[in-house]
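Enquirer: Coordinates for the following, if possible.
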Amino acid sequence: MSLFEPKKVCLFSAMSGVITLNGEPAKGAHVKRIVEKFYSSGHNTDETMTDDNGYFELPAVFDQSFLGKFLPGEFAIPQQVFVTYGGEEYKVWAGVKRTKDENSEARGNELVVQCKLDSEPQAIAVDRGFYYTQCSWGVETDED
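Expert: Just a heads-up that it's a prediction; the model follows:
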């Protein structure tokens with residue numbers, strides 16, 4: 001990497017998985033992801049729909065900046081995922097990503113989730129990031 005190339009960081013890793021309600025696939029659910037930018041103000045939003053099996057995919061979100069190579073700063077990126085299904089909106093993911101590496105939300109593994117719209121949200125910490133979510137992804141959580 002050249003000194004004059006912008007620094008690239010992962011704001012939200014690629015995410016895929018299945019969304020269910022009462023054990024049934026949430027087919028045709030609207031999935032909306034919002035992630036704050038790191039080097040500038042504002043946020044990125046992307047959206048998708050689940051298929052007949054409740055499956056969805058969202059690509060990784062990156063940001064880059066020339067100044068980011070030279071100006072230190074704490075990395076703390078707010079992340080949110082909303083699912084709209086059956087006329088209801090569910091906030092299935094609210095977290096703060098604390099490392100710039102892709103897939104840090106899953107300790108280096110792909111972020112493949114199972115989101116149950118009828119479950120109670122759980123609070124977990126992974127790789128110094130904090131998440132309040134209705135999704136599970138088989139990740140080892142941080143020790144207290």
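Enquirer: List phi and psi for Ser104.
Expert: The phi/psi pair for Ser104 (degrees, to the nearest 10) reads phi -70, psi -20.
Enquirer: you'd agree it is up against Asp127?
Expert: Yes - look at Ser104 against Asp127 with Cβ atoms under 8 Å: they come within range, at 4.7 Å. All C-beta spots, glycine's among them, are computed from the backbone N, C-alpha and C.
Enquirer: Identify the contacts common to the two.
Expert: Arg98 (Cβ atoms under 8 Å, 6 or more residues apart in numbering).
Enquirer: so where's this protein shaky on pLDDT?
Expert: 1-6, 39-40, 65-73, 144 (pLDDT under 70).
Enquirer: need the strands for it, in chain order.
Expert: Ranges of strands in the chain, per DSSP state E, are 7-12, 15-21, 24-25, 30-36, 43-49, 55-58, 61-65, 77-85, 88-97, 111-116, 122-126, 129-133, 135-136.
Enquirer: could those strands be laid out in JSON lines, adding distance to Glu143 and mean neighbour count?
Expert: Output for these, formatted as JSON lines (distance: least, Cβ to Cβ, whole Å; neighbours: other Cβ atoms under 10 Å):
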{"stretch": "strand 7-12", "distance to Glu143": "24", "mean neighbour count": "20"}
{"stretch": "strand 15-21", "distance to Glu143": "25", "mean neighbour count": "21"}
{"stretch": "strand 24-25", "distance to Glu143": "35", "mean neighbour count": "13"}
{"stretch": "strand 30-36", "distance to Glu143": "27", "mean neighbour count": "19"}
{"stretch": "strand 43-49", "distance to Glu143": "31", "mean neighbour count": "13"}
{"stretch": "strand 55-58", "distance to Glu143": "29", "mean neighbour count": "18"}
{"stretch": "strand 61-65", "distance to Glu143": "28", "mean neighbour count": "18"}
{"stretch": "strand 77-85", "distance to Glu143": "22", "mean neighbour count": "20"}
{"stretch": "strand 88-97", "distance to Glu143": "18", "mean neighbour count": "18"}
{"stretch": "strand 111-116", "distance to Glu143": "21", "mean neighbour count": "20"}
{"stretch": "strand 122-126", "distance to Glu143": "9", "mean neighbour count": "15"}
{"stretch": "strand 129-133", "distance to Glu143": "14", "mean neighbour count": "18"}
{"stretch": "strand 135-136", "distance to Glu143": "19", "mean neighbour count": "18"}
